[in-house]
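# sequence plus the predicted model coming up.
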Amino acid sequence: MRANSPRAFICVLALVSSSCTTTHVQWDAVQMRKHVIAYYNDEIMDNLIRGSKGELFVHVDITGLSALAGSKLSASVGSGESVARTHGPTVVAGAIVNTITRVVTTPFTASVTPERTNNLTIASTPVIGKGTGDEQQNIYTLYLSFLNLTKSNKDKDLSQWPLDYSYLRRGCCSVKSVCTSEARSLLRNGEGYVPGTLRSRGDCLYYIPKEYHVAYLKLCKALLTRERPKPPSVLQAPAVLIN
């Protein structure tokens with residue numbers, strides 16, 4: 001039984017480590033999904049805020065996600081016997097008798113050094129290049145169309161959204177901002193904005209008004225399902241040979 005104890009000890013540790021690794025990979029996958037949702041929500045809002053101020057913005061797509069977790073277990077086990085003898089006189093029935101005391105101990109020692117690797121890889125690419133030919137299908141046209149919405153056309157079908165830049169002249173209605181401390185406090189404590197769209201930029205809070213909730217969902221769906229242009233070919237620099 002003692003001979004099998006070290007082996008059983010290592011087997012139990014290996015099983016526990018393997019189980020923890022599997023659980024960790026599953027947890028990484030769940031966290032990545034949540035991060036992707038937060039990433040796109042933040043990107044869409046950031047682009048809308050930039051667009052509402054007439055600034056340049058770029059849509060970047062996530063093209064790949066991978067999670068790789070590994071476990072390595074280094075263990076050492078030691079066992080053996082140690083014998084200790086002691087000599088000494090002992091008085092037995094009035095006589096001095098020389099006695100020898102022998103003590104045998106069997107120690108068991110074990111040490112474990114676990115190592116865990118965790119690699120998360122996210123690949124992304126900007127949406128640039130020539131579109132599909134249909135102006136309404138263009139990713140950036142969708143942004144501009146949403147920025148140009150007003151209360152009179154916000155409930156129309158996506159294909160009927162305006163395509164001009166008049167919002168830069170009259171002011172954007174679908175993306176609002178408040179910059180005073182009192183207004184920021186009232187906005188945070190209220191429910192006048194679409195959940196998940198409140199963003200702080202500088203001294204101002206930007207948000208999508210609640211009446212544009214359906215239009216915002218239409219925009220997100222369209223952005224995530226529109227056909228992307230083919231990525232431009234990468235030109236390689238000419239090689240230089242030095243003799």
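That came through, no problem.

# can you list the buried residues in stretch 36-49?
In terms of neighbour count (16 or more other C-beta atoms under 10 Å), stretch 36-49 has its buried residues at Tyr40, Glu43, Ile44, Met45, Asn47, Leu48, Ile49. Backbone N, C-alpha and C define where each C-beta goes, glycine included.

# this protein: helices as residue ranges?
Per DSSP state H, the chain carries helices over the ranges 5-52, 139-147, 167-170, 181-189, 213-225.

# among these, which is the most enclosed?
Comparing the helices of the chain by mean neighbour count (mean count of other C-beta atoms under 10 Å), helix 139-147 ranks first with a mean of 21.

# show residues contacting that one.
47-48, 51-52, 57, 59, 127, 131, 135, 158, 161-163, 165, 167, 172, 174-175, 215-216, 219, 222-223, 226, 228 (C-beta atoms under 8 Å, 6 or more residues apart in numbering).

# alpha carbons only: can I get it in PDB?
The C-alpha trace of helix 139-147 is given here as PDB (Å, rounded to 0.1, in the frame of the first residue of the first chain):
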ATOM      1  CA  ILE A 139     -20.600  50.100 -44.100                       C
ATOM      2  CA  TYR A 140     -19.800  53.800 -43.700                       C
ATOM      3  CA  THR A 141     -23.100  54.900 -45.400                       C
ATOM      4  CA  LEU A 142     -25.000  53.000 -42.700                       C
ATOM      5  CA  TYR A 143     -23.200  55.200 -40.100                       C
ATOM      6  CA  LEU A 144     -23.900  58.400 -41.900                       C
ATOM      7  CA  SER A 145     -27.500  57.500 -42.500                       C
ATOM      8  CA  PHE A 146     -28.100  56.800 -38.800                       C
ATOM      9  CA  LEU A 147     -26.400  60.200 -38.000                       C
END
